[in-house]
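# From the sequence below, what's the structure:
(3 chains, ligands or ions: 6)
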Amino acid sequence: MSEILKARSLTKIYSLGGLFSRTKITAVDRISFSIQPAEIFTLAGESGCGKTTTARMILGFEYPTAGELLYEDQNLTEVRDKKAWFKKVQAVFQNPFETFNPLRKVEDYFFETIHNFHLGKNEREAEELIEEKLQAVGLSFCDISGKYPGELSGGQLQRASIARSLLTNPSLLIADEPVSMVDASLRMSVVNLFRKLCDSFQVSVIYITHDLATAYYISDRIAIMFRGHIVETGPVDQVLENPKHPYTKLLIESIPQPDPQIQEKAPIKFLEEREEYLRKGCKFSGRCPEVMEICKQKVPDDTSLDGTVVKCHLYQK
Amino acid sequence: MKGIIEVEQLQTFYVLEYLGKKKTVKAVNDVTLSIPENEIYGIAGESGCGKTTLLKTLFASIEPPLQLFEGKVSYLIKNNFVNALTLNGKEKRELRWTYISYIPQGSMSVFNPVKKLKVTYMDFLESHVRGKAGRELLSLARHHLEQLGLSPQILDAFPHQLSGGMRQRIAIALSTLLKPQVILADEPTTALDVVAQRAVLQLLRDIQQELKNTFVLVTHDMGIHANITTSMAIMYAGKIVEVGPTQEIFSNPLHPYTQFLINSLPRIGDKSSKKSVPGAPPSLLNPPSGCPFHPRCPEVSDICQDKMPALNNSTHKHKVACWLRREPSV
Amino acid sequence: MGVLKDLFKDYRFSVGFILICFLSFLAIASFFSPYDPIEWLQVPRDKAPSWSHLLGTNSKGQDVFWEATFAIRNSLIIALIAGLISRVIAVLVGFIAGYKGGIYDRVLMGITDGLLVIPLFLILVLVAMLLREALTLVSTGLLLAFFGWAWDARTIRSQVLSLREREFTLTSVLSGNGTLSLVSKEYLPLTIPLIFSTLINNIAWAIGMEIVLAILGLVSLDIPTLGTTLQWAINYQAMLLGHWWWILTPVILTILLLVALYWFSISVSEYLDPRMRIQRIGAK
Ligand SMILES: Nc1ncnc2c1ncn2[C@@H]1O[C@H](COP(=O)(O)OP(=O)(O)O)[C@@H](O)[C@H]1O
Ligand SMILES: Nc1ncnc2c1ncn2[C@@H]1O[C@H](COP(=O)(O)OP(=O)(O)O)[C@@H](O)[C@H]1O
Ligand code: SF4
Ligand code: SF4
Ligand SMILES: [Mg+2]
Ligand SMILES: [Mg+2]
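Residues are numbered from 1 along each chain as shown, chains lettered A, B, ... in the order given. Ligands and ions are numbered 1, 2, ... in the order given. Okay, here's the model as predicted:
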């Protein structure tokens, strides 16, 4: 099957600082990936590695500095009609308590989406559609009707947010850390939902997270990002059960294991992101336990290995 | 054996008045806890269950609309138990930061964005600690940071120049400057990524091992509890529903709620389907009758709806408040 | 109705509200004045308060009470013109600069900063001197409006900038809302308290500025306002000659008006404060 979204050498450079002392940060550095129909693709990495920037470029909120984004072979940077684009690609955000304006009713966003995209002819049709989508996420219209965001729990809000994004029947849903602010007790209900949407509604999901345990649980393929680069990518089982890149190993090891038997962990180094972005050579070389001389000089190339692609000098010939 | 903090039948409620109608939010509802000395003690529970309120009460910082209805919070100070809730303002101030420290929720975002960290910090310290000159405190702080493996130059930075994880670690390090015996930390790892979380946990562990003091660590993330706490309490709707050594709680969770919390945690290498706690958290304005978990409990029976089970008073350290799990009385 | 009931629980609101009602009542009373506000020597001069002249008469042969009703009315007209027009400019500039950003932001903020750095007072005096003959109620109002929006435009812009970063902005955009409905549905409700409090502050500022311009003799002294009344009283050395009722009347009225506006403003903005509103929604 052909992919629905393709990113080719996608790049975003931000200039920071005043008029005279400009530093440039390559928040996303020539990344390439593609999304298949009805799959969950995870972008994982610690904060400040370019995940949100990538999502914003796909949504058209940021303009790529270089590279291209193709949706069904149409170049996205040439799409002028944003509204038509939002019919196909929708998003869910990190903080459910910020997703809706605290002074507006949650249902308003549902009716507005239907009105703006002409999804229903009258109020009754609109309510039916809303009920259908809310049912899909395990809520019903009476749960949210007349309510303000402050009256719903984080889990309910996040599910309402997903339901709203489904109104236009998008083929791609971008979920930027959708569960990191949802209570641990309700987290899996939201995570499970993405799998269900993908399987029964054929929606592809770009799942953005720093938590590899949930990524392993729901996704099909994964890309590990570090300071703008994709450092390892492949099928999720391959990458996480048998990690190759030292950074992937670090991320996996950092998951707080739900097992009190293994409390002590090796101390880690913790570097500030600005410093790492500006680093020459492999951005991870400041923390990498296996760093070599060449790592500090040269950015490693992508190497294909057992169905995964790794960006590390250890694996380069 | 008594711990360093003894909480007895604590009830602190928010009393709200709206258009002449009185409402009470039963945020901490009959909590009894014994927190042992020289360890990291965890309190888990979903948001809105009263964890922050409990910590505020432990810190004896009860301000309207929060009101104390009943109970005692006793601290072991120089071999005497002192009820913190009956101290006057001056006595409380003397204990704060020297004997007990509080790291509030979201403290990484309290630094004033337009001031250097050290300025915010000095403003804060000078209004709390008397008898020490600012300069002296600052050099003490630099030394302290260095000991904990953090660069003292960070104090000269502005908050936006640092990542959330770094700000959080500074906030923790600074609040332990005066070597308090008890440190209350509210969600210190929430909203951080796993790598930053790990760094924060590492710091907490280092401080604890150095000061041999007591940490009360509140977080809704069970993974964190497994990683760092020795014993813990599970809180639900303002009540403590299970307490015990962390290892036992994880290997043999007794309360149905705890079982959900632990069994829903995903792990790499395990693709079996995980389920969250069903339903939604209860409102503490109108908590369910009887066992507050009954509307969501798969094992609910008639008695659960009428009467709240007490924590069983077995001699065992692992206790649970659930009708199903009452052992025959000994 | 619940809104007013809540507000009246705040004594600052009640007092402010009653004072404003009282002063507006005086302003309306001017329409029933038995005297012409401009004519001189309509009544005996320099009489102390009495039943026939509640607040006495002044050296121009006018009834101080009825003159004061005109003064309040005219001062309020000037202040409202200044306040409302400058609000329209401030809101438009603030929202466009904040939301559109880029070149719009740079140009609009350039103009705003330009206005902010020139010594406002000097310019006001200069313009007033040039326009002197023409400085009527409306032109005084417009002049003050023109100089009164810049700072508030900046404040509104910075609030819009921070709102733009909030996630619900993205939700709204993804819901297909265009710029106009985004701004009016999402941002306006959250900025109303700010706009309102700047409006009241601006009205108070305009009342004060008018007095200053009048005392400097830069507005048409024929039209009775709080400022010109004071100016005449000072000119005729009312205080020295013991005609305290003439000079105290505008002074006390001005103080009452400013206090009323201030209390009104802080109580209403506390009530409208989004955090408080969210809490009230929660407590229902
Ligand atoms: N609008 C912006 N201007 C300047 N720098 C930015 C902007 N947005 C993001 N960045 C920088 O780009 C990097 C990547 O950020 P982001 O994509 O938000 O990471 P993530 O979502 O993985 O946490 C960070 O260093 C961040 O500071
Ligand atoms: N200032 C307040 N006024 C009224 N109710 C409050 C206030 N703060 C918290 N609450 C309520 O008290 C309950 C417990 O809150 P909190 O202690 O913050 O829980 P947690 O920290 O576990 O998330 C919640 O239902 C919350 O809505
Ligand atoms: S390239 Fe070198 S520094 Fe980078 S991850 Fe590989 S081994 Fe480590
Ligand atoms: S007491 Fe009853 S309702 Fe409560 S947890 Fe136990 S079985 Fe469930
Ligand atoms: Mg992000
Ligand atoms: Mg809390």
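
# contacts, neighbours, all on C-alpha from now
Will do.

# mind checking pLDDT for the residue of the stretch 1-150 of chain A found nearest ligand 4?
Proximity of the stretch 1-150 of chain A to ligand 4 (CA to the nearest ligand atom) peaks at A:G138, 22.5 Å away. Looking at A:G138, its pLDDT stands at 87.

# Give me the neighbour count for it.
16 (other CA atoms under 10 Å in any protein chain shown).

# and the gap between the residue nearest the centre of chain A and B:S272?
The centroid of chain A falls nearest to A:I208 when counting by CA atoms, centre = their mean (2.4 Å). As judged by CA to CA, to the nearest Å, A:I208 and B:S272 stand 21 Å apart.

# Could I get the pLDDT score of whichever residue of the stretch 151-300 of chain B sits closest to ligand 2?
Nearest to ligand 2, among the residues of the stretch 151-300 of chain B, is B:L284, at 5.0 Å (CA to the nearest ligand atom). pLDDT for B:L284: 87.

# For it, grab phi and psi.
phi -80, psi 0 (degrees, to the nearest 10).

# my guess is it meets B:N29, correct?
No. Between B:L284 and B:N29 there is no contact under CA atoms under 8 Å: 9.7 Å.

# shared neighbours of these two, anything?
B:G238 (CA atoms under 8 Å, 6 or more residues apart in numbering or on different chains).

# now the strands for chain B?
Using DSSP state E, the strands of chain B run over B:5-18, B:21-35, B:40-44, B:66-77, B:80-83, B:100-103, B:182-186, B:214-218, B:231-236, B:239-245, B:319-320.

# I'd like to know which of those strands lies nearest to C:G114.
strand B:100-103 (45.1 Å; CA to CA).

# I'd like the distance from that closest one to the chain centre, please.
10 Å (CA atoms, centre = their mean, to the nearest Å).

# Is any residue of that strand near ligand 2?
No. Judged by CA under 6 Å from any ligand atom, strand B:100-103 makes no contact with ligand 2; its nearest approach is 12.9 Å.

# got any ranges where the chain has weak pLDDT?
Chain wasn't specified; assuming chain A. Scanning chain A for pLDDT under 70 picks out A:1, A:17-21.

# Chain B was what I was after
Confidence mapping of chain B against pLDDT under 70 gives the ranges B:1, B:18-20, B:125-132, B:314-315, B:327-330.

# Spatially central residue for it, please.
Note: chain B centre (CA atoms, centre = their mean) maps to B:V218, 3.1 Å.

# Get me the contact residues on chain A for ligand 2.
By CA under 6 Å from any ligand atom, no part of chain A sits against ligand 2.

# As a check, name the ranges of all helices in chain A.
Ranges of helices in chain A, per DSSP state H, are A:51-59, A:82-88, A:96-99, A:106-116, A:123-136, A:141-144, A:154-166, A:184-201, A:212-218, A:236-241, A:246-254, A:273-277.

# Count the neighbours of the residue of the stretch 1-150 of chain B found nearest ligand 1 for me.
Nearest residue of the stretch 1-150 of chain B to ligand 1: B:P113, at 15.8 Å (CA to the nearest ligand atom). For B:P113, the neighbour count with other CA under 10 Å is 13.

# do C:I252 as well
11.

# quick revisit: any idea which of the helices of chain A gets closest to C:E67?
Closest to C:E67 of these is helix A:106-116 (CA to CA; 53.0 Å).
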